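Participant: Sequence isn't available, so here's the structure alone:
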């Protein structure tokens, strides 16, 4: 949790859309790690994807809006099935490694 979003350059995306200055707003920074090691894929190493320039992987995030405003935790709730829980992979983002 950052006390202000002043140093978060990505805020410009939302500022341009909504015409507001978010620099004084608090910011929550969440880091995601792709599971790309053999331990993660133990028993199904065929599902492991290559991490090299030009290779691709479909990626998506489940965003939870059931959290408590101002709290530092997420209370995930997946029922009923929503947020594209059972969607085809093509509704995700196709990421290409540089």
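Facilitator: Right, received. Where do you want to start? None of these values were measured; they are calculated from a predicted model.
Participant: Now do stretch 87-97, average pLDDT.
Facilitator: Along stretch 87-97, the predicted local confidence has a mean pLDDT of 83.
Participant: what's next to that stretch, contact-wise?
Facilitator: Applying Cβ atoms under 8 Å, 6 or more residues apart in numbering, the set of residues contacting stretch 87-97 from outside is 51, 52, 53, 54, 55, 56, 57, 58, 59, 60, 84. To be clear about C-beta, it is placed using only N, CA and C from the backbone, and glycine gets the same treatment.
Participant: Outline the domain layout of the protein.
Facilitator: The record assigns the chain these domain ranges, following automatic domain parsing: 1-31, 34-98.
Participant: Report the buried members of the contacts of stretch 87-97.
Facilitator: Among those, those classed as buried by 16 or more other Cβ atoms under 10 Å are residue 57.
Participant: Give me the subset of the contacts of stretch 87-97 that lies in strands.
Facilitator: Residues from the contacts of stretch 87-97 lying in strands, with DSSP state E as the criterion: 56, 57, 58, 59.
Participant: Bridge partners for the second one, pull those for me.
Facilitator: Just to be clear, that refers to residue 57. Following DSSP bridges, residue 57 is listed with bridge partners residue 95.
Participant: now it: how far from residue 11?
Facilitator: Residue 57 sits 27 Å away from residue 11, taking Cβ to Cβ, to the nearest Å as the criterion.
Participant: For stretch 55-72, give the mean pLDDT please.
Facilitator: The pLDDT scores in stretch 55-72 average 68.
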